[in-house]
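K.L.:
Below are the sequence and a predicted model; questions follow.
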Amino acid sequence: MYGQFLVTAIIQARMKSTRLFGKTMFPLAGKPVLQHIIERLRMSKFIDNIIVACTHGDKEIFELCDQLKCKYAAFDIDENDVLERVLRTAKIVKTDMIVEITSDCPCIDKYAVDDVISSLGNQPVNDYCSNVIQRTYPRGMDVQAFWLKTLEKVAAEVDNPVDRQHVSTWIYKNPRNYKRFKNMCVVLDKNPQVNYSHLRLCIDTKDDYELLKFLFEAHKGVYFGLKEVIEFFMTYPELPSINKNVEQKDYYHELRCAYGEV
């Protein structure tokens, strides 16, 4: 709980990733990517429930969740409609706040998670809070939080496939709409020069995976957060070059295509 609010972390996971098939179950220091995420979210001071929102037929994910005694939900719906999947999952526990985490973030930092939750919980008049609007954290430490009632409103409004796949972009990023919502951003430090957004700690490609293998094997299964990552890269400054050329998907291009403008 955060104050009076029930907090549920929903991990979006599926086996059929278009860029790197099966990445959710790739091993890092002897554990699947998804297991690292679940274990890190369990370290949060404020999260009451963790639920994996997966797709119909994701047997490997079901089995891992059963092994870890983690809740999961699978719906026989369009697997690209992640918004609907997350919304239905949230309604299972009748949560107040949803913490959205994607299954490609095995380095998710417990302090970053709690900072976003507490920021939104302290100012519940706002609709949404994240550390992605103004990026200062590395990719792969993305945390987004919003109210169930906010997501219900979004689900009723959004019909373009891009925002339905990305869940919360309609709230903070879509130029046709986002100014209607009250959004907050958590930054790493008040000093604007403290910025690690150039680093990639997510897993979208084989190069990303190679970097993460170095990182997890070096820490031998012991928890590490952003502080330890930066120290590690200072010791091995050549490592971030492994995936520095990976291109991030262009949301705005996808959106223009969805609107028939390309």
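P.N.:
The structure has been received and is ready for your questions.

K.L.:
Any stretches of the stretch 101-250 of the chain with poor pLDDT?
P.N.:
Within the stretch 101-250 of the chain, the set of residues satisfying pLDDT under 70 is empty.

K.L.:
can you rerun that using 90?
P.N.:
176-179, 189-193, 220-221, 247-249 (pLDDT under 90).

K.L.:
where do the strands sit along it?
P.N.:
Ranges of strands within the stretch 101-250 of the chain are 128-130, 144-147, 183-185, based on DSSP state E, counting those that start in this stretch.

K.L.:
Need the winner for burial among these.
P.N.:
Of the strands of the stretch 101-250 of the chain, the one with the most neighbours on average (mean count of other Cβ atoms under 10 Å) is strand 128-130, at a mean of 26. C-betas here are computed from N, CA, C, even on glycine.

K.L.:
Against which helices or strands is that one packed?
P.N.:
helix 110-122, strand 144-147, helix 169-172, strand 183-185 (3 or more Cβ pairs under 8 Å, 6 or more residues apart in numbering; DSSP states H and E).

K.L.:
Need the residues that contact the third one.
P.N.:
Surrounding helix 169-172, the residues in contact under the criterion Cβ atoms under 8 Å, 6 or more residues apart in numbering are 127-128, 130, 132-133, 146, 150, 154, 157-158, 162-163, 177-178, 181, 183, 251.

K.L.:
before we move on, back to that, may I see the helices and strands packed on strand 128-130 organised as JSON lines, with distance to Thr95 added?
P.N.:
Formatted as JSON lines, those follow (distance: least, Cβ to Cβ, whole Å):
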{"stretch": "helix 110-122", "distance to Thr95": "12"}
{"stretch": "strand 144-147", "distance to Thr95": "9"}
{"stretch": "helix 169-172", "distance to Thr95": "17"}
{"stretch": "strand 183-185", "distance to Thr95": "19"}
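
K.L.:
Let me know the pLDDT of Phe21.
P.N.:
pLDDT recorded at Phe21 is 86.

K.L.:
Now do the same contact list for it.
P.N.:
Contacts of Phe21 by Cβ under 8 Å, 6+ apart are Met15.

K.L.:
wait, is it part of a helix?
P.N.:
No. Using DSSP: H, G, I helix; E, B strand; the rest coil, the secondary structure at Phe21 is coil, not a helix.

K.L.:
how close does it sit to Ser103?
P.N.:
Separation of Phe21 from Ser103 (Cβ to Cβ, to the nearest Å): 13 Å.

K.L.:
Next, the distance between the ends of stretch 37-46.
P.N.:
16 Å (Cα to Cα, to the nearest Å).

K.L.:
cool, and stretch 194-209?
P.N.:
Stretch 194-209: ends 25 Å apart by Cα to Cα.

K.L.:
How far does it sit from its chain's centre?
P.N.:
How far stretch 194-209 lies from its chain's middle: 13 Å, per Cα atoms, centre = their mean, to the nearest Å.

K.L.:
So what touches it?
P.N.:
19-20, 23, 26, 33, 102, 104-107, 135-142, 188, 211-212, 215, 226, 229-230, 233, 240, 242-246.

K.L.:
How about stretch 143-152?
P.N.:
83, 86-87, 90-91, 94-101, 108, 112-113, 115-117, 119-120, 124, 127-132, 167-168, 171, 181, 186.

K.L.:
Show the buried residues in those residues.
P.N.:
83, 86-87, 90, 95-101, 108, 112-113, 115-117, 119-120, 127-132, 167-168, 171, 181, 186 (16 or more other Cβ atoms under 10 Å).

K.L.:
in the chain, which residue is closest to the centre?
P.N.:
Ile101 (2.7 Å; Cα atoms, centre = their mean).

K.L.:
Which helix or which strand is home to the closest residue to that residue other than its chain neighbours?
P.N.:
With Cβ to Cβ, 6 or more residues apart in numbering as the criterion, Ile101 has its nearest non-adjacent residue at 5.0 Å, and that residue is Ile11. Take DSSP states H and E as the rule and Ile11 turns out to sit in strand 7-12.
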